[in-house]
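A.B. asks: sequence unknown, structure follows:
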Ligand SMILES: Nc1ncnc2c1ncn2[C@@H]1O[C@H](COP(=O)(O)OP(=O)(O)OP(=O)(O)O)[C@@H](O)[C@H]1O
């Protein structure tokens, strides 16, 4: 394993078998300090099983795991007290109030009493639950429970937060707030592992993503890197310009990074490109004697990458 600190999460040849079934297969996952890493993949790809191993909640069959330099198999409590965990259904004691639930967690984590009280009040206020702090959690809506889960994380002040489908079942407003919360944590230098099926959300907050497929990490990188690998290009640049159509089209097609140029209407062109070619396209239009009216760019889209990747996998399997 590499030097502590560089990677907050590191797995080597991590494998989990249930009988003959391999749920996680030879997984090498590395998440750097301070990054937001998105875990994607179809149902049953092994995402939750991986997360449970990272938290010491289930033991690997083979391979190694380090979380914050600790082995969760041997030191599950040390890992749990340092890592914030937000599953899709946050487990709280329904008969206890919001505040009592947090006091209970604080005790489990060995927080000193006064410090715990201070942090709990702060966290409850931050997530907007201060006014219901003394209500039983059994009366809470799903969104309120999730907020309490967030309060628990804020109270812990962890170095790493692991989230498994955290916005599942939340309304759009609550999901948006949740994304802001992730950004806030990132600003504080906290590392985040986020598993989600909501690709646009993942794209909005993640620095890198890993695509899981049948227990393996099939692809890994920034959205741009994945776009290059899977789509070949990924950027679309839209150009509106008058002038000699053939000259403009040729000039655009000659740009480095342009893989295809299509005429999509009167004086309108669409470039498929490996990067944002707007400045280069502007220059090319002028040099080809054209007049530029507008330029726009569409960045690579994780939905498209995901759909294309799995279509190709299926196609490969069918062949
Ligand atoms: N305790 C268990 N016993 C037997 N098989 C299991 C057990 N837990 C998980 N599995 C199987 O392991 C595979 C991976 O499950 P896992 O929950 O990790 O997938 P996932 O990627 O999180 O999927 P989802 O997106 O549906 O949450 C699935 O086929 C699942 O049925």
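C.D. replies: Arrived safely. All figures in this text were calculated on a predicted structure; none of them were measured in a lab.
A.B. asks: ok, now which ones touch the residue in the stretch 151-300 of the chain that the ligand sits nearest to?
C.D. replies: Going by CB to the nearest ligand atom, the ligand is nearest to residue 212 of the stretch 151-300 of the chain, at 6.1 Å. C-beta: built from backbone N, CA, C; applies to glycine. Each residue near residue 212 by CB atoms under 8 Å, 6 or more residues apart in numbering is listed here: 39, 40, 41, 45, 46, 47, 50, 218.
A.B. asks: go on, residue 133?
C.D. replies: 97, 98, 99, 124 are the contacts of residue 133 under CB under 8 Å, 6+ apart.
A.B. asks: Residue 269 looks like it's in a strand, true?
C.D. replies: Yes - membership of residue 269 in a strand is supported by DSSP: H, G, I helix; E, B strand; the rest coil.
A.B. asks: Kindly tell me how buried it is, as a neighbour count.
C.D. replies: 22 (other CB atoms under 10 Å).
A.B. asks: what are the phi and psi angles of residue 112?
C.D. replies: Taking degrees, to the nearest 10, you get phi -60, psi 140 for the backbone angles of residue 112.
A.B. asks: Give me the local confidence score for it.
C.D. replies: Looking at residue 112, its pLDDT stands at 90.
A.B. asks: correct me, but residue 238 touches residue 265?
C.D. replies: No - using CB atoms under 8 Å, residue 238 is not in contact with residue 265; the gap is 10.0 Å.
A.B. asks: Alongside the ligand, which residues does the stretch 151-300 of the chain contribute?
C.D. replies: With CB under 6 Å from any ligand atom as the criterion, the stretch 151-300 of the chain does not come near the ligand at any residue.
A.B. asks: any chance you could map the strands in the stretch 151-300 of the chain?
C.D. replies: Secondary structure of the stretch 151-300 of the chain (DSSP state E, counting those that start in this stretch): strands at 160-164, 191-195, 208-213, 216-221, 235-242, 258-265, 268-273, 291-298.
A.B. asks: which residues sit against stretch 75-87?
C.D. replies: 54-57, 67-68, 70, 72, 108-110, 146, 149-150, 152-153, 156, 158-166.
A.B. asks: can we see that at 7 Å?
C.D. replies: Stretch 75-87 is touched from outside by 55-56, 67-68, 70, 72, 109-110, 149, 153, 156, 158-164, 166, with contacts defined as CB atoms under 7 Å, 6 or more residues apart in numbering.
A.B. asks: Please apply the same query to stretch 236-243.
C.D. replies: Applying CB under 7 Å, 6+ apart, the contact partners of stretch 236-243 are 248, 252, 267-273, 277-278, 281, 285, 288-298.
A.B. asks: The residue of the stretch 151-300 of the chain closest to the ligand bridge partners, please.
C.D. replies: Taking DSSP bridges, one obtains residue 217 as the residues bridged to residue 212.
A.B. asks: what residues are up against the residue nearest the centre of the chain?
C.D. replies: The centroid of the chain falls nearest to residue 38 when counting by CA atoms, centre = their mean (2.5 Å). Listed by CB under 7 Å, 6+ apart, the contact partners of residue 38 are 194, 196, 202, 206, 209.
A.B. asks: which one of the residues you listed is nearest residue 224?
C.D. replies: Distance ranking of those against residue 224, using CB to CB, places residue 209 first at 10.9 Å.
A.B. asks: low pLDDT regions in the chain?
C.D. replies: Within the chain, the ranges that satisfy pLDDT under 70 run 1-5, 318-319.
A.B. asks: Tell me where this protein has helices.
C.D. replies: Using DSSP state H, the helices assigned to the chain run over residues 47-54, 76-82, 98-108, 113-126, 142-156, 172-187, 199-205, 223-231, 245-253, 278-287, 302-318.
A.B. asks: Can I get those helices in CSV including distance to residue 88 and mean neighbour count?
C.D. replies: Below are the helices of the chain laid out as CSV (distance: least, CB to CB, whole Å; neighbours: other CB atoms under 10 Å):
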stretch, distance to residue 88, mean neighbour count
helix 47-54, 9, 23
helix 76-82, 18, 17
helix 98-108, 18, 19
helix 113-126, 21, 16
helix 142-156, 9, 23
helix 172-187, 12, 16
helix 199-205, 14, 18
helix 223-231, 24, 18
helix 245-253, 46, 18
helix 278-287, 40, 17
helix 302-318, 20, 14
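A.B. asks: quick one: which of these is nearest residue 33?
C.D. replies: Closest to residue 33 of those is helix 172-187 (CB to CB; 11.5 Å).
A.B. asks: quick one: contacts of the closest one?
C.D. replies: 36, 143, 150, 161, 166, 167, 170, 192, 194, 201, 204, 205.
A.B. asks: who wins for proximity to residue 32 among the strands of the stretch 151-300 of the chain?
C.D. replies: Shortest distance between residue 32 and those, using CB to CB, is found for strand 191-195: 7.4 Å.
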